[in-house]
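S.K.: sequence and predicted structure below; questions after.
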Amino acid sequence: MKPLLTLHYRSLLAVVVIANLVLLLNLGAGDIKPWNAIVWLDIAGEGGAALLSLIWIGLILNSRPTGRVTRLLVAGLTAIFLAYWQDVLDEFIQLPAAITWDHWLESGAMPLGMILLTLGIYHWHREQQAINRQLLKRERIFREHRSFDPLTPLSGAHYLREQLTLELQHPQQPVSLIMIDLHCFDHSRRLLGNADSDRLLRELSELLVLNLRQQDLLCRYAGDRFAVVLPATERTVADKLGQELKQAADSFAFKTRRGETHAVSVHIGLAVSHDDDAQTLIERANRDLARTLPHRHQAA
Amino acid sequence: MAGYLSDQHFIAAHHLPAALIDLAQDQGEDLHRLLRHTGLFREQLIRGEARVSAREYLQLIHNTRQRLDDPELAFRYGQRLFPGHYGAVSSLLGNAGSLAQALSVFTDFPALISPLLASRLTLTDEYLCLQWLDSCGAGSQWRFLVEAAMTGVASVTRWLSGSPLPWRFQFSYPCPPWPEQYQVHLGEPLHFAAQMDAMILPRHYLDQPWPQRAPTAWLAARQECERQLSNSGAPYSFRHSLYRFLQSRPADPPSLQESADHMACSAATLKRRLAQQGCHYQQLLDEVRLHQAILWLQFHGYSTEQVSRQLNFSDTTNFRRSFKRWCGLTPAACQRILAIAMGAPNGG
């Protein structure tokens, strides 16, 4: 992935150019103060604030794609930066009393920047709500970005165990766990190559999410094995959902980069909680899955 | 035969190390950060001329693990390792006509196919046991290397034989916090904290013919591999060469001077070379004898008394004490663990 910062070189360039223009304007209109008239404490305070707002711009640009929300946030922060920047320059350069634009820049840019930033944050919040709705079936209750799986947009086995532990705190409600394993994925990976087989896992995860209910959670357990947590779900319902997932995956016609169809099929294992903790429930689901796997032998 | 040293530059950077670099780059990692302190540069890599030492290869693994803190990394690396694109040795492995031929690539040409991990193959009437051994002082990367090598061998043998082989896996270390990776990428049964890092299979799989066999290509590739080794140096690392020498004499361990003579260096040099890998002579000697004792206990059904006699201990009490010092367990406790690993009916 390219660093996001490179997408925004125009915005960065604009900030640098405006800062330089302000500097030139100041130098052109005023005179540099004598050394003993400079107040270092003010410079440290205002300069520090200017520097921090620059860092915020950098962090935001580096973490976001281009778009309306990014533009608003950066415009707001740039205005705030300019207000502080003029403040800092004032400490070095004495402008004649007849000039008023420096006051406008100092006192006008700040509220303008605040308004733009507020607008930006508001839209960012709206955007996040939309993303949250999309993520709903992939993460529940709390977010832990460290548990994100680098390969698919799902969480991994660690998150699965945490969520199962939470769900199993209500012993009166049975929790079902479905394990989904791709048929002979090792073989597929060698046929498809690394890039396509990784994409296959990603696309399959999208497909599985589409077939889940609002309250269900999909995780990637490891490799080509997925896990679905079905809270408050009896065996009959879980069985039916499992079959639906299998049907959906079995009729998935994955397309390779060359446009060829690679058919996949999956195996399903199911366990319904019954005095279980997360570990034993996972173990039982895996054991149920192993029954259906043709390519794994049974332990003695 | 001296064996290659961990700071000797002989590993083609565009072979095994490049597979790891490609994997990390697929996940969006920056090449320059991966290559930090490895003595490698992008331009050299692409030209295919760069050779790295075992230590630099380990540094690359260290860098990649730092950047991609993901327990699946070793397994994904393992899946890509074999047969790989490493010239003659890859075509040798790819044209293997049976498991015996495939495993001989690992036991005979570790310098070409697996420079950081040597392997030791033990055959009995019932079982074959492929054990992985430290070649160059892997230190904290040991578990990563074992995970990758086992995934690689399990995957390539499944691919070449046309069907999955029912490997059992045994590990010297306790179960890490990601058992799921082992379950999915290797498959059960898995036995942790069981003294050695080995893959076990019923013996009869060894000579079953594989579908893709190409005997002539195999022979030609084998000659080419031998030629490569005679040009560039030794098939085994210094440490593994010494291990093999000690392994040949478990009952009467050679003195430091004898070993140094065998390795064609002075006793001081031998000590220094082992020290570079965080190892010393007595430690290696103990390791060899422990491994031998375990193999006898696990695969040959020897009793503690028999093992003690075979290793030339004056009495079993002495042997028990030494064994406890080697691995922290009494021979009886160890035997119970090994019995479980072999799928004994009383095992849980």
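M.R.: Received, thanks.

S.K.: can we go C-alpha only for contacts and neighbour counts from here?
M.R.: Will do.

S.K.: which one is the residue in the stretch 151-300 of chain B that chain A sits nearest to nearest to, not counting chain neighbours?
M.R.: As assessed by C-alpha to the nearest C-alpha, chain A sits closest to B:Gln181 within the stretch 151-300 of chain B, at 5.4 Å. Among residues not flanking B:Gln181 along the chain, A:Ala222 sits closest, at 5.4 Å (C-alpha to C-alpha, 6 or more residues apart in numbering or on different chains).

S.K.: got the contact list for A:Ala238?
M.R.: A:176, A:178, A:230, A:270 (C-alpha atoms under 8 Å, 6 or more residues apart in numbering or on different chains).

S.K.: my guess is the first one contacts A:Val272, does it?
M.R.: In this case it means A:Ser176. Yes - shown here, A:Ser176 and A:Val272 form a contact pair, counting by C-alpha atoms under 8 Å, at 4.3 Å.

S.K.: those two: which is more packed in?
M.R.: A:Ser176 (27 against 22; other C-alpha atoms under 10 Å in any protein chain shown).

S.K.: for the more buried one, give me its contacts.
M.R.: A:229-235, A:238, A:270-273.

S.K.: which two of the contacts of A:Ala238 have the greatest separation?
M.R.: Taking C-alpha to C-alpha, the two most distant members of the contacts of A:Ala238 are A:Leu230 and A:Leu270; they sit 10.5 Å apart.

S.K.: overlap in contacts, these two.
M.R.: Common neighbours of A:Leu230 and A:Leu270, using C-alpha under 8 Å, 6+ apart, are A:176-178, A:238.

S.K.: which members of these occur in strands, if any?
M.R.: A:176-178 (DSSP state E).

S.K.: one step back: which of the contacts of A:Ser176 are buried?
M.R.: With burial judged by 16 or more other C-alpha atoms under 10 Å in any protein chain shown, the buried subset of the contacts of A:Ser176 is A:229-233, A:235, A:238, A:270-273.

S.K.: can you put those residues in TSV and add secondary structure?
M.R.: Below are the buried ones among the contacts of A:Ser176 laid out as TSV (DSSP: H, G, I helix; E, B strand; the rest coil):
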residue	secondary structure
A:Val229	strand
A:Leu230	strand
A:Pro231	coil
A:Ala232	coil
A:Thr233	coil
A:Arg235	helix
A:Ala238	helix
A:Leu270	strand
A:Ala271	strand
A:Val272	strand
A:Ser273	coil
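
S.K.: which two of these have the greatest separation?
M.R.: Within those, A:Ala232 and A:Leu270 form the most distant pair, 14.4 Å apart (C-alpha to C-alpha).

S.K.: so the residue lying closest to B:Tyr243 once chain neighbours are set aside is in which element?
M.R.: Nearest non-adjacent residue to B:Tyr243, counting by C-alpha to C-alpha, 6+ apart: B:Val288, 6.7 Å away. Assessed by DSSP states H and E, B:Val288 sits inside helix B:281-299.

S.K.: which residues touch that helix?
M.R.: With C-alpha under 8 Å, 6+ apart as the criterion, helix B:281-299 contacts B:124, B:127, B:195-196, B:243, B:246-247, B:250, B:253, B:256, B:271, B:274, B:302-304, B:307, B:311, B:323, B:326-327, B:335, B:338-339, B:342.

S.K.: what does the very next helix or strand once past it contact?
M.R.: Tracing the chain past helix B:281-299, the next element assigned as helix or strand by DSSP H and E is helix B:304-310. With contacts defined as C-alpha under 8 Å, 6+ apart, helix B:304-310 is touched by B:251, B:293, B:296-297, B:314-316, B:319, B:331-332.

S.K.: okay, the angle between the helix or strand following helix B:304-310 and helix B:281-299?
M.R.: Going down the chain from helix B:304-310, the next helix or strand is helix B:316-327, by DSSP H and E. Per axes from the mean of the first three to the mean of the last three C-alpha atoms, to 10 degrees, the angle that helix B:316-327 makes with helix B:281-299 is 110 degrees.
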